[in-house]
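Peer 1: give the three-dimensional model of this entry:
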Amino acid sequence: MTSAVQLIRSSTLTDTVEYAYAATAPADARLIFLAGSCPLDDGGRTLAPGDVAAQAHRVMLNLEIALADAGAELTDVVSTRVLVATTDRHDLVTAWQVVRDAFGDHDPPSTLLGVTVLGYPDQLVEVEAVAALI
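Peer 2: Residues are numbered from 1 along each chain as shown. As a prediction, the model looks like this:
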């Protein structure tokens, strides 16, 4: 299948952000709504308690696997939401850098949020995504 995602840049907003401001997919695209990707190993255990970067790496690996199971890849992602259980901006930046690096040149619109707690014991990072295919 071919990616249906078109990233949109703004000429009137700052160009210093590391993501597109918007993205579109045509009406006939097949949308894929992914559950939040978590830093779980194959046995369902949370990996790397206390390590934001290591958890973010595992989250992105698990996201890529879920996308592949749906016939998609990271370049098919329309948008993401990155959740980090922290009150420390440094942790947000650490998680963001791992997520951003995983996407490479494909920089879909994203929201980065610090939250109080996530669903699994010792979980610090979660990434939700929407993808589109033609």
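Peer 1: which parts of this structure are helices?
Peer 2: Applying DSSP state H to the chain gives helices spanning 52-69, 89-103.
Peer 1: check these for me and report the most buried one.
Peer 2: Sort those by mean neighbour count, taking mean count of other Cβ atoms under 10 Å, and helix 52-69 sits at the top with a mean of 19. The C-beta positions use only the backbone N, C-alpha and C, and glycine is treated the same way.
Peer 1: how far away is the residue nearest to residue 102 when sequence neighbours are not counted from residue 24?
Peer 2: Distances taken as Cβ to Cβ, 6 or more residues apart in numbering place residue 60 nearest to residue 102, at 4.1 Å, with adjacent residues excluded. Distance of residue 60 to residue 24, computed by Cβ to Cβ, to the nearest Å: 24 Å.
Peer 1: repeat that for residue 48.
Peer 2: Separation of residue 48 from residue 24 (Cβ to Cβ) stands at 36 Å.
Peer 1: again, but for residue 123
Peer 2: For residue 123, the distance to residue 24 equals 32 Å [Cβ to Cβ].
Peer 1: looking at the two, which is more packed in?
Peer 2: The neighbour comparison of residue 123 against residue 24 (other Cβ atoms under 10 Å) goes to residue 123, with 20 against 13.
Peer 1: could I get the phi/psi values of the more buried one?
Peer 2: Note on residue 123: backbone dihedrals following degrees, to the nearest 10 are phi -80, psi 130.
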